[in-house]
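> Build me a model:
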Amino acid sequence: MGTAGARFSKDVGQMAEQVVELLQPLGDLTWRKMFGGAGIFEDGSMFALIDSNARLHLKADDSNRDRFETAGAEKHGRMPYYAVPDIVVDDDDTLLEWARASVAVNGK
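Now for the predicted structure:
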């Protein structure tokens, strides 16, 4: 979930904790270390990731991909996740709205 060979860092853990706390209204959120980054899960389904640079990415499909592409968000490799623009990360209500749409990608 980041640079090849990257190790999990304190910054990644702190970002994962902050995101889980901010997005708690979405339901039963958990996170775990994955490949130098972290996966964020709602009821066992991953909808977000934190890369090894502590940058938040949300899952996208045809239902919400346009908002990421319109904002110029970068896709995370071949995975269906896009970097969340800073303007969204800095606005709790907007972040919650974008994350809710990413949870819905998993059929929730």
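
> Just give me the residue right at the centre of this protein.
Ala48 (2.8 Å; C-alpha atoms, centre = their mean).

> what helix or strand is Phe47 on?
In the assignment (DSSP states H and E), Phe47 maps to strand 45-50.

> Wait, the residue nearest to the centre of the chain touches Arg55, no?
No - contact criterion C-beta atoms under 8 Å: Ala48 and Arg55 do not qualify, at 11.0 Å. Any C-beta I mention is one placed from the backbone N, CA and C, and that applies to glycine too.

> need the strands for the protein, in chain order.
29-34, 37-42, 45-50, 56-59, 81-83 (DSSP state E).

> centre of the chain versus the last one, how much separation?
Spelled out, that is strand 81-83. 7 Å (C-alpha atoms, centre = their mean, to the nearest Å).

> Show residues contacting it.
With contacts defined as C-beta atoms under 8 Å, 6 or more residues apart in numbering, strand 81-83 is touched by 48-49, 55-60, 65, 68-69, 73-76.

> out of these, which are buried?
Of the members of the contacts of strand 81-83, the ones counted as buried by neighbours, 16 or more other C-beta atoms under 10 Å, are 48-49, 55-60, 65, 68, 73, 76.

> And the nearest residue to Arg55 once chain neighbours are set aside, how far from Leu56?
Excluding its sequence neighbours, the residue lying closest to Arg55 (C-beta to C-beta, 6 or more residues apart in numbering) is Ala83, at 5.7 Å. Distance of Ala83 to Leu56, given as C-beta to C-beta, to the nearest Å: 7 Å.

> again with Thr30
Thr30 is 16 Å from Leu56, by C-beta to C-beta.

> Val103 now?
In terms of C-beta to C-beta, Val103 sits 14 Å off from Leu56.

> so what's His57 scoring on pLDDT?
If you check His57, the pLDDT there is 96.
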